[in-house]
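Peer 1: Everything below, folded, please.
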Amino acid sequence: MVDVLENKRSATRFRILVEIADRQPAVSQGEIAEAVGVTSQAVSEYIRELVDEGFVEKEGRSRYRITKDGVDWIFQAATDVRRFADHVTEDVLGSVQEDAAVATGRIEEGETVSLSLSDGLLHAAPGGEGTATGVATTSADAGEVVGVTGFEGVIDLDPGHVRVRQVPPVRSGPVEDTDDLAADCADADLVAAAGVEAVVALRDAGVENVVAFAPGEVAADAASRGLDVVVVATTDSVGRVTDALRETDVAYEVT
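Peer 2: Residues are numbered from 1 along each chain as shown. Below you'll find the predicted structure:
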């Protein structure tokens with residue numbers, strides 16, 4: 001257990017110091033007490049201790065500032081809390097959470113299964129020979145949904161690629177070569193459109209099943225699942241698409 005979570009007093013001390021940092025220099029002990037869930041008298045005692053330890057300095061009546069040592073302590077405590085949270089979510093809950101997968105064959109409840117990604121979806125196969133395994137929480141026939149928990153190992157996955165294909169905005173006129181646009185999209189696992197002009201251009205090119213909402217986020221998620229994506233975007237909206245792709249470190253090109 002990290003120090004700041006060892007007991008209620010440590011956790012309260014951390015929260016009060018954060019509240020002071022957020023409200024400085026005019027600090028209302030009553031507001032902090034309400035936010036943290038303790039009495040104003042208790043807040044006053046904690047602040048007195050923090051001043052004595054050099055984490056907070058008093059500038060006047062109800063005026064306080066966090067010192068450099070106080071900032072360093074908050075950063076360290078916050079880092080410890082973050083690491084502990086990562087341990088809980090990834091190591092503890094990650095092994096007990098249940099997810100859904102597509103069964104590739106007959107699977108019985110309690111059976112060890114091999115896990116893989118195909119067409120962007122999690123698949124479970126009978127047996128545990130794969131690099132990633134889990135335990136079935138339900139029974140299922142091939143093609144049905146099966147529950148899986150107890151995940152171990154790493155799923156083999158080649159990340160997908162995103163190509164952002166630009167088209168002119170309405171003020172510059174329509175797309176002239178729709179055959180070229182159709183060819184660009186022919187081999188993509190998923191096609192998305194950013195802007196009305198892009199939607200219409202794809203329709204004129206005969207491209208179907210186009211995702212027309214949140215194209216950058218959708219493309220990033222799909223590529224992270226191994227799919228190759230083409231996003232057709234007006235030159236005005238390319239930036240919004242690439243911003244979403246950069247946030248997830250997805251490989252992409254703009255043409």
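Peer 1: burial count for Ala33?
Peer 2: 19 (other Cβ atoms under 10 Å). C-beta coordinates here come from the backbone N, C-alpha and C atoms, glycine included.
Peer 1: isn't it right next to Ile47, touching?
Peer 2: No. Contact criterion Cβ atoms under 8 Å: Ala33 and Ile47 do not qualify, at 10.8 Å.
Peer 1: who touches the residue nearest to Val207 when sequence neighbours are not counted in this structure?
Peer 2: In space, and not counting its chain neighbours, Val207 is closest to Cys185: 4.9 Å by Cβ to Cβ, 6 or more residues apart in numbering. By Cβ atoms under 8 Å, 6 or more residues apart in numbering, Cys185 lies in contact with 165, 191, 202, 205, 207, 230, 232.
Peer 1: per-residue pLDDT, the fourth one?
Peer 2: When you say that, I think you mean Ala205. At Ala205, the pLDDT value in this model is 90.
Peer 1: Return the distance of it relative to Ala223.
Peer 2: 22 Å (Cβ to Cβ, to the nearest Å).
Peer 1: So the two - more neighbours on which side?
Peer 2: Each of Ala205 and Ala223 has its neighbours counted (other Cβ under 10 Å); Ala223 has more, 24 against 21.
Peer 1: Spell out the secondary structure type for that one.
Peer 2: helix (DSSP: H, G, I helix; E, B strand; the rest coil).
Peer 1: dump the residue contacts of it.
Peer 2: Ala223 neighbours (Cβ under 8 Å, 6+ apart): 159-162, 229, 245, 248, 250-252.
Peer 1: quick one, longest strand in this structure?
Peer 2: In the chain, taking DSSP state E as the definition, the longest strand is strand 145-153.
Peer 1: OK, contacts around Gly110?
Peer 2: 135-136.
Peer 1: Is it inside a helix or a strand, and which specific one?
Peer 2: Using DSSP states H and E, Gly110 sits within no helix or strand.
Peer 1: And the strands in the chain?
Peer 2: For the chain, strands defined by DSSP E occupy the ranges 56-60, 63-66, 99-103, 112-118, 121-126, 132-136, 145-153, 162-167, 190-194, 229-234, 252-254.
Peer 1: ok, Glu197 to Val175 distance?
Peer 2: To Val175, Glu197 is 8 Å away according to Cβ to Cβ.
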